[in-house]
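S.K.: coordinates only, sequence not included:
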């Protein structure tokens, strides 16, 4: 399987494959590349509908140039715990950050969210995030404020009175519930519009349909989140039948069968 950066010709083949509606896996197979390479390439260069081979190639060269300029700051991949491949981790962080950006999250916020989510502890201090991402404390603080507003992170004081930013399992439940509440507010506002424009007018009818649709969606999100909440706290087992270690290094054993 070929390694190294994608060539301009390969990027043109990716663009053609996307235009033909091919899945990332099929494009990867035709180029004899890992599917993750194609996914990362597309998602950080406009997504499946906005990908342009020439723009993607120029953007990649620009990023490489910036990395070379920043090299003296120690931008090489950091050593990883648990024997992980440092370069594979770095590339995955890029993919995850790009996916979060495609969902509408600002770039810096997406980087902070990814850093928290992919840390084994699920929590980092401002200083740790600043060092990890090579950004200013103000940028980290602004991103955390955004994430808190979306119900996707929270703050706590640790034993040293340092403020820690946390993305634990329950955050995902809280985020879904926040989304449901936000959607419910749109429903209420749309129904207010019906009384203003009149239910027998085109605008009023449109607002009523929007309200009915989003009301159903909001209730469905809240119901599904409640029903699935226990999944977030389930402990998957490893191939040896034991639970994986928790962030503090403890290991929960599975009782032996009689």
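M.R.: Cool, got the structure. The shown structure was predicted, so the numbers you read here are calculated from the model rather than taken from an experiment.
S.K.: could you pull out the strands for the protein?
M.R.: Remark: strands assigned in the chain by DSSP state E are 123-125, 154-157, 163-166.
S.K.: return the member of those strands having the minimum mean pLDDT.
M.R.: The minimum mean pLDDT among the strands of the chain belongs to strand 154-157 (a mean of 88).
S.K.: quick one: list the elements packing against that strand.
M.R.: Counting contacts by 3 or more Cβ pairs under 8 Å, 6 or more residues apart in numbering; DSSP states H and E, strand 154-157 packs against helix 137-149, strand 163-166. All C-beta spots, glycine's among them, are computed from the backbone N, C-alpha and C.
S.K.: by contact count, what packs against the last one?
M.R.: Meaning strand 163-166. Strand 163-166 packs on helix 107-117, strand 123-125, helix 126-133, helix 137-149, strand 154-157, going by 3+ Cβ pairs under 8 Å, 6+ apart.
S.K.: can you check the first one too?
M.R.: Packing partners of helix 137-149 (3+ Cβ pairs under 8 Å, 6+ apart): helix 107-117, helix 126-133, strand 154-157, strand 163-166.
S.K.: columns distance to residue 20 on top of these, output as a markdown table?
M.R.: Output for the helices and strands packed on helix 137-149, formatted as a markdown table (distance: least, Cβ to Cβ, whole Å):
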| stretch | distance to residue 20 |
| --- | --- |
| helix 107-117 | 29 |
| helix 126-133 | 37 |
| strand 154-157 | 45 |
| strand 163-166 | 43 |
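S.K.: for those, which one ends up most surrounded?
M.R.: helix 107-117 (a mean of 22; mean count of other Cβ atoms under 10 Å).
S.K.: quick one: distance of it to the chain centre.
M.R.: 8 Å (Cα atoms, centre = their mean, to the nearest Å).
S.K.: what's in contact with it?
M.R.: Residues outside helix 107-117 that contact it (Cβ atoms under 8 Å, 6 or more residues apart in numbering) are 93, 96-98, 100-101, 105, 122-124, 129, 132-133, 135, 139-140, 142-144, 146-147, 152-153, 165-167.
S.K.: quick check: pLDDT value at the most centrally placed residue in the chain.
M.R.: Nearest residue to the geometric centre of the chain (Cα atoms, centre = their mean): residue 100, 3.7 Å. Note on residue 100: pLDDT of 84.
S.K.: what of residue 257?
M.R.: At residue 257, the pLDDT value in this model is 41.
S.K.: how far away is the residue lying closest to residue 80 once chain neighbours are set aside from residue 93?
M.R.: Spatial nearest neighbour of residue 80, chain neighbours left out: residue 86 (4.8 Å); criterion: Cβ to Cβ, 6 or more residues apart in numbering. Counting by Cβ to Cβ, to the nearest Å, the gap from residue 86 to residue 93 is 11 Å.
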